[in-house]
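1. all I have is the shape, not the residue letters:
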């Protein structure tokens, strides 16, 4: 991790008590590789679940219990994807400040 700052990595699993798990390392060890693999599996499963949900929505007249199960699975997949995004976002290098940031409001007075 460059730039002299280092943050522990949020892992894609929780403790038995449901608390987040973190890894303090350089990102090249065995646990980091296991976490990368699990994240890739979770992202793939989320993509597959989106296809399934689209199919159910296109079907129409789907039984409520099937919809509920799919909603539960979508919720879990979204939770996993959110955790992955948090973890990966925290490991990105800080963007340099740009004085011409397009997100800053600009006074265009002619």
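-> Structure received. Treat the numbers as computed from the prediction; the structure is a model and nothing was measured. Numbering: from 1, shown residues only.
2. from here on, just use CA atoms for contacts and neighbour counts.
-> Will do.
3. residues near the nearest residue to residue 45 once chain neighbours are set aside, how many?
-> Using C-alpha to C-alpha, 6 or more residues apart in numbering and skipping the chain neighbours, the partner closest in space to residue 45 is residue 77 (7.5 Å). Neighbourhood size, residue 77 [other C-alpha atoms under 10 Å]: 20.
4. was I right about residue 77 contacting residue 41?
-> No - in this structure residue 77 lies outside contact range of residue 41 using C-alpha atoms under 8 Å: 10.8 Å.
5. for the nearest residue to residue 49 once chain neighbours are set aside, give its distance to residue 65.
-> Leaving aside its sequence neighbours, residue 49 sits nearest to residue 74 (C-alpha to C-alpha, 6+ apart; 6.8 Å). From residue 74 across to residue 65, the span is 14 Å (C-alpha to C-alpha, to the nearest Å).
6. quick one: the strands in this protein, in order.
-> Secondary structure of the chain (DSSP state E): strands located at 9-14, 20-23.
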